[in-house]
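> the following comprises the amino acid sequence and a computationally predicted model.
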Amino acid sequence: MRSSCPVRPFLTAPDGESRAHARPRGEVADEQATIRVGVAGLGMAGGGILSSLRKLDGIEIVAAGDPRGEARDAFEEQFGGRAYDELDALCGDDEVDAIWIATPTQFHAAQAQRAAEHGKHIVVEKPFAASLAECQSMIDAAKRYGVALISGGARSFDPAFVAMRRLIESGRLGRLGALNTWSLTGWIIRPREPYEVDVAQGGGTVFNQAPHPIDVLRLLGGGMVRSVRGTTASWMAERPCPGYFTAYLEFEDGTPATLTYNGHGYMQGWELLPWGETPGRRDQADRANAYRRRLKAGPFDERESRDTLRFGGYDERSPLGGGTDWVPLDAGLVVVSLERGEIRQSAQGLYVYDDDGRHDEPIDHGGGARLNEVRELRSAIAGEPALHDGQWGMATMEVVLALMESSRSRKEIHLEHQVSVSGH
């Protein structure tokens, strides 16, 4: 598949002899050892990865790659590392232990395989891949070359959802009864390049946003989804992809789960919470509404607007990293129903409902989701089980693809590649 945009695909790697440059597993797996990181792709996802990784102990950002000269210049200025315009050069950097892949979805499989050939450990940003065959190719490459592979960028790394899962497993509120999520964002009305809204290239709202709630539901429900019945809908002519989706998931043990996502931005998820609305978020919503009006006024080249949101092109209103407060975006509002109560997110942790009423139970958010991602990478490098491994990423993408197939066929889709939380 080829991108319809004129951007040179950084991922395309020339043929050549592979070289295993990463340090031995034992050296990197040690809790005291520093993992030296390279980031492939310096768009919005890559910028977010840089912002979160730079705050963590035990991580040194040493290299990055992107076809845009301004992004490479900004990286060298801010991080003092090396910036490359070709994947092979990044993979061949002797000081890089692990590569975070944050390029367009259609390139993930080829990039991950190339990184594995060079002996680099790999974290692949969501969506993991555009097909199950691509997922399997990454899993096979990681096994063949003896490197760790993590399905990254998942909301199920979030400390709130990790705490929810622990509470479910504790049995404090009895048996799990049902799961529900709702998410409202402005994903579809943000600046986009053509490939980003092209479903055939792994773009669009479902590919890019469904992995968030699905990962969370799979974590909370134990991982083993039996079947999916879903619907996608598109009602914005200016965007050639669905902006809305909803699905019913049934787990192998009979637990029902529902998810609903609306990415058209008229209403934002943070509006549903008393702590959610802030001047900054309202300003973002106002700018999104203005962008929607611009889209409806007629076709125009969105690349310039898109570039302002990428690493190296941020304006003062879109600072790298953003705020630190939790907001109900992407994974959205999540409600867990159990025999003897309910659980949902609070501003500081979890609201737990039982026969004595509602309890606000704070949790430690220190390091956030990215710290949990790094911990799993370190475990995988040590040869220990990691929940978000390649099989987990493939299982989540199976649900995403089944949702789309169910919408097309208007049938329930049964799954074959699911993995259990308890098996990790």
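Cool, the structure landed.

> which SS class is the residue nearest to Y248 when sequence neighbours are not counted?
Closest residue to Y248 apart from its sequence neighbours, by C-beta to C-beta, 6 or more residues apart in numbering: R229 at 4.8 Å. Placement of C-beta: from N, CA and C, glycine included. For R229, the secondary structure call by DSSP: H, G, I helix; E, B strand; the rest coil comes out as strand.

> same check on E60?
Criterion first, three-state DSSP; result for E60: strand.

> for the stretch 151-300 of the chain, what are the low-confidence residue spans?
For the stretch 151-300 of the chain, no stretch has pLDDT under 70.

> ok so, going back, ok, how many other residues are close to the residue nearest to Y248?
Number of residues near R229 (other C-beta atoms under 10 Å) recorded here: 17.

> so it makes contact with S409?
No - R229 is beyond contact range of S409, at 10.2 Å (criterion: C-beta atoms under 8 Å).

> can you give me the domain boundaries for the chain?
Per automatic domain parsing, the structural domains of the chain span 25-154+371-388, 156-365+399-423.

> tell me which of those domains is the most buried.
Most buried of those, by mean neighbour count (mean count of other C-beta atoms under 10 Å): domain 25-154+371-388, with a mean of 21.

> quick one: end-to-end length of stretch 117-124, please.
15 Å (C-alpha to C-alpha, to the nearest Å).

> stretch 59-71 too?
So stretch 59-71: terminal residues 21 Å apart, C-alpha to C-alpha.

> and it, how far out from the chain middle?
19 Å (C-alpha atoms, centre = their mean, to the nearest Å).

> avg pLDDT for it?
Stretch 59-71 comes out with an average pLDDT of 95.

> contact partners of it?
By C-beta atoms under 8 Å, 6 or more residues apart in numbering, the residues outside stretch 59-71 that reach it are 7-10, 34-43, 46, 50, 53-54, 72, 75, 79, 81-87, 89-90, 93, 95-96, 307, 310-313, 374.

> ranges for the helices of the stretch 201-350 of the chain?
205-209, 211-221, 279-297, 303-307 (DSSP state H, counting those that start in this stretch).

> what sits opposite Y248 in the beta ladder?
Beta bridges link Y248 to R229, T258, judged by DSSP bridges.

> name the spans of the stretch 1-150 of the chain whose pLDDT lies under the cut-off.
Applying pLDDT under 70 to the stretch 1-150 of the chain flags residues 1-32.

> correction: the stretch 301-424 of the chain
In the predicted model of the stretch 301-424 of the chain, residues 314-330, 423-424 satisfy pLDDT under 70.

> same thing but 90
Scanning the stretch 301-424 of the chain for pLDDT under 90 picks out the ranges 301, 303-332, 347-348, 364-367, 422-424.

> check which helix or strand covers A130.
Element membership of A130, judged by DSSP states H and E, is empty: it is in no helix or strand.

> right, and it touches A110 too?
No - judged on C-beta under 8 Å, A130 makes no contact with A110 at a distance of 11.1 Å.

> coming back round to it: export the helices of the stretch 201-350 of the chain to a markdown table and tack on distance to D356?
What follows is the helices of the stretch 201-350 of the chain, written out as a markdown table (distance: least, C-beta to C-beta, whole Å):
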| stretch | distance to D356 |
| --- | --- |
| helix 205-209 | 37 |
| helix 211-221 | 23 |
| helix 279-297 | 34 |
| helix 303-307 | 51 |
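
> which one of these lies closest to S183?
Judged by C-beta to C-beta, the one of the helices of the stretch 201-350 of the chain that comes nearest to S183 is helix 211-221, at 6.1 Å.

> contacts for the closest one, please.
For helix 211-221, the surrounding residues in contact (C-beta under 8 Å, 6+ apart) are 126-128, 153-156, 158, 161-162, 164-165, 168, 176, 179, 181, 183, 225, 249, 251, 255, 257, 259, 261, 330-332, 334, 336, 387, 395-397, 399-400, 403, 418, 421.

> next step: these restricted to strands.
Per DSSP state E, strands hold the following members of those: L176, L179, T181, S183, V225, L249, F251, A257, L259, Y261, V334, V336.

> enumerate every residue touching the residue nearest the centre of the chain.
The centre of the chain sits closest to G153, judged by C-alpha atoms, centre = their mean, with a distance of 3.0 Å. Contact analysis of G153 by C-beta under 8 Å, 6+ apart lists A45, E125, K126, P211, E373.

> including distance to P194, could those go into JSON lines?
What follows is the contacts of G153, written out as JSON lines (distance: C-beta to C-beta, whole Å):
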{"residue": "A45", "distance to P194": "18"}
{"residue": "E125", "distance to P194": "20"}
{"residue": "K126", "distance to P194": "21"}
{"residue": "P211", "distance to P194": "21"}
{"residue": "E373", "distance to P194": "30"}
